[in-house]
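> Here is my input, please return the structure:
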Amino acid sequence: MNDRWAPVAGNLTNEVGPDQTGGVTGGGTEMATAGSEPGSLGARGERGALGPVPLGAVLAIVGVVFVVLRARSALVVHQVWGDMPDSIGYRGTPGGPTTGLVSLTGDAIRPWTVPALYAAVGSDAARAAAQVGASIVAWLALALVVARQVTRPALAAGAFVTLLGVACTWGVIVWDLAILAESLALSLGVGLVAAWVCHLARPSWLTAAMVVGLSTLWLFTRLQHLPVIATAALAALVLALGPHRRAVGAATAVGLVALTAWGFAVLGPQDRAYAARDGHDVSLFGETFALNLRFVILPDAEATRWFRDRGMPDPVGLEAHPRADTIHVDAWETWPDFFSRYRADAGLRSWVESDGRRAFTEWTVANGPGLAMRFGSEVDEVLVPPASSLGYAFPEPILPGPVAALVAPEAGSGRVPFVVLLVLVIGAGLTARRRVRGSRPLLAVGAATLALSGAGLFLAWLGSPVEYARHAVPFSVLLPVGALLVLLAMWDGPGAPVPDDDADGDGGPAAPAASMGGPGGRPTSQRTPLHDGDRGDHRRGGQPTDQQSAAVEQGRPAIERQPRDDERRGPCPPGTGERRRSQAPDPIAVDHREARQGGPEEDGGDAGVGAQVEPVGRGAEQRADDHRRGGGDDTDERDHQQAPRP
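Predicted coordinates for the structure are as follows:
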């Protein structure tokens, strides 16, 4: 039988016996092999191996190698970098007290996730070890979850290796040995992507708890993640109010909405706590506005005039710092003098704290097209920063030079970044495939990750015009991950694309009668796994209708039995039903005679798929109905006598 039609034969039979299926019995919508659903790595049958090696063994070997390489990269340097100015806000001074750094209500200068972890362990070495362990677990979880959603063994192995390869790039491992929030922000973001894939693939209370819990930890590593969480809460709320309402979905939406409200509630207290940290009364927003004033507003005469017209005092004594060659030149050595003058200007500082947010928001909206163009010209430096801008820590490099240059090239190397390659391949996939045949959860989560990471990159670029390589984390890493998930969803799935020259609309040439199943052309009920986009509507090239998909999910046959003529005519006088049943030809007998003769005369010996497969299920149901209507065993005997043996 043509593999494309195997799901059709499996769905048409509701109850089949050993004489029709060669020993396979049971309902036609059951799975023949445990674990053969999409993404199963436990018992994939024929799909679960790469040649003679089981796929699970391949992934296990690659995972062990990944763990060894990541651990070795952190251990061989024997050093942790915790002397950055922001490190004090997460764990206090080295060896000093850590009290007052953790607050669930925002009464601390940093959100509580990273300070809570740092307070739980006693030294910078233990903190770095915890960050390395969290990174390894998160990337392994994402790689395994994605591989389980991919049905093609070679593609599943490739996705697993690619994701772990990204986890070994310098832009990921550099943060594990730094006493900053970037390592946990990246690890929790990766884990959150994996949790969403699991939740959309098979919702449960466990996956809902994972989504809400990881979202909570991820939000409170950086409050800049709040727009992403708010968007996810809105999406979960829409899904919960949709036609397929479930208690799990409603609980997830409620949890994310509550988390969003919590995030907005702590913004004000944290800003005030940050302003009171050194007695200068400069909030976190005031500090980032001062940086925008120096690197963006003052170098642009038109922007300076716009803010002056909105009431900003003349920034006397504050010098602009235009960037000529690259956005990564921050002139650190001049920062202390600039901030001293900014803090001393009480009028400017007061206006920023009272009216600066409104003015900056209005300026962003008014200059949206110009900012978008400038972001487009600088995003490549944000995504692919020079090595000099990632000097926060120095672990041992993992990937060889050529591989690292391909996956994550350095700025100015002239190579196409990894994310651009993925976008180009996705475009090719969209033109080559007319429908998504792979995992829908991968497509949904990948597209959301791609879009939200792009928005997060823009907000990070707009809000803080310094340390782009650091402030772009985790979005600079999650963006290519999202592109990879979309790519996998586009190119995964059983079968080939429907050819454009398919004139008859059945997804391919009709199979001849003699090739449809077992001996004598008898249709078989080979059960093949039912995957997304391959449930067996022969009229649409393997794609089911909505009614057929719903029927399969509910355990009913995909194509219902049509009523017989005597059923359409309604009740009959006594005895006429028996006479009609004895005179009517048995559908199985007709099907067998047509198979031996090469098919019915009217279609040239090619009965097509529906004419040969459908009577198997209908004959069994018809005999059952005859028995219930009074035909009894005599009718069944006559039916069997009329049916010729193959």
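
> all strands for this protein, in order.
For the chain, applying DSSP state E gives strands covering 49-50, 53-54.

> Confidence-wise, which of those is weakest overall?
Ranked by mean pLDDT, these bottom out at strand 49-50, with a mean of 62.

> Got the domain ranges for the chain?
1-32+512-646, 45-277+367-491 (automatic domain parsing).

> low-confidence ranges in the stretch 151-300 of the chain?
For the stretch 151-300 of the chain, applying pLDDT under 70 flags the ranges 244-245, 278.

> now swap in the stretch 401-550 of the chain and tell me
404-438, 493-550.

> same thing but 80
For the stretch 401-550 of the chain, the stretches with pLDDT under 80 are 401-439, 493-550.

> any idea which helix is longest in the chain?
helix 247-275 (DSSP state H).

> who does it touch, helix- and strand-wise?
For helix 247-275, the packing partners by 3 or more C-beta pairs under 8 Å, 6 or more residues apart in numbering; DSSP states H and E come out as helix 205-219, helix 226-240, helix 284-292. C-beta: built from backbone N, CA, C; applies to glycine.

> Looking at the ones you listed, which is nearest to Q149?
helix 205-219 (13.5 Å; C-beta to C-beta).

> Buried residues in that closest one, which are they?
207-219 (16 or more other C-beta atoms under 10 Å).

> Out of the helices and strands packed on helix 247-275, which gets nearest to S453?
For S453, the closest of the helices and strands packed on helix 247-275 is helix 226-240, at 8.6 Å, according to C-beta to C-beta.

> mind listing what's buried in that closest one?
Buried residues in helix 226-240, counted by 16+ other C-beta under 10 Å: 226, 228-233, 235-237, 239-240.

> CA atoms only: put that helix into CSV for me.
Extracted C-alpha coordinates of helix 226-240, given in CSV (Å, rounded to 0.1, in the frame of the first residue of the first chain):
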residue,chain,number,x,y,z
LEU,A,226,7.8,42.3,32.0
PRO,A,227,6.5,43.1,28.5
VAL,A,228,7.2,39.6,27.4
ILE,A,229,5.4,38.1,30.4
ALA,A,230,2.4,40.4,29.8
THR,A,231,2.2,39.3,26.2
ALA,A,232,2.3,35.7,27.2
ALA,A,233,-0.4,36.3,29.8
LEU,A,234,-2.6,37.9,27.1
ALA,A,235,-2.0,34.9,24.8
ALA,A,236,-2.8,32.4,27.6
LEU,A,237,-6.0,34.3,28.4
VAL,A,238,-7.1,34.2,24.8
LEU,A,239,-6.5,30.5,24.6
ALA,A,240,-8.4,29.9,27.9
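
> Count the neighbours of F264 for me.
A count of neighbours around F264, defined by other C-beta atoms under 10 Å, yields 11.

> what separates the closest residue to it other than its chain neighbours from L459, distance-wise?
Counting by C-beta to C-beta, 6 or more residues apart in numbering, L226 is the residue found nearest to F264 once chain neighbours are left out, at 7.0 Å. If you measure L226 against L459 using C-beta to C-beta, to the nearest Å, the figure is 10 Å.

> do the same with V166
V166 sits at a distance of 23 Å from L459 (criterion: C-beta to C-beta).

> re earlier: quick one: residues contacting the residue nearest to F264.
Each residue near L226 by C-beta atoms under 8 Å, 6 or more residues apart in numbering is listed here: 219, 260, 263-264, 267.

> if I pick W332, what's in contact with it?
Taking C-beta under 8 Å, 6+ apart as the definition, W332 has no contacts.

> any idea of the pLDDT on it?
Note on W332: pLDDT of 75.

> And for P7?
Looking at P7, the pLDDT reads 34.

> going forward, begin numbering at 23 instead of 1
Fine by me, first position is 23 from now on; the one you just mentioned is P29.

> Which positions in stretch 139-148 come out as buried?
So, applying 16+ other C-beta under 10 Å, buried residues of stretch 139-148: 139-141, 146.

> Just put these in a markdown table and tack on pLDDT and distance to G504.
As requested, these are exported to a markdown table (pLDDT from 0 to 100; distance: C-beta to C-beta, whole Å):
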| residue | pLDDT | distance to G504 |
| --- | --- | --- |
| L139 | 95 | 26 |
| Y140 | 93 | 30 |
| A141 | 91 | 33 |
| D146 | 92 | 33 |
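
> Let me know the closest of those to D129.
Nearest to D129 out of the buried residues of stretch 139-148 is A141 (C-beta to C-beta; 15.2 Å).

> The closest one contacts R113, doesn't it?
Yes - using C-beta atoms under 8 Å, A141 is in contact with R113, at 7.4 Å.

> what's P133 sitting at in phi/psi?
Main-chain torsions, P133, degrees, to the nearest 10: phi -60, psi 160.

> And it, how close does it get to L245?
According to C-beta to C-beta, P133 and L245 sit 6 Å apart.

> Need the overlap of contacts for these two.
Common contacts of P133 and L245 (C-beta under 8 Å, 6+ apart): 288, 292.
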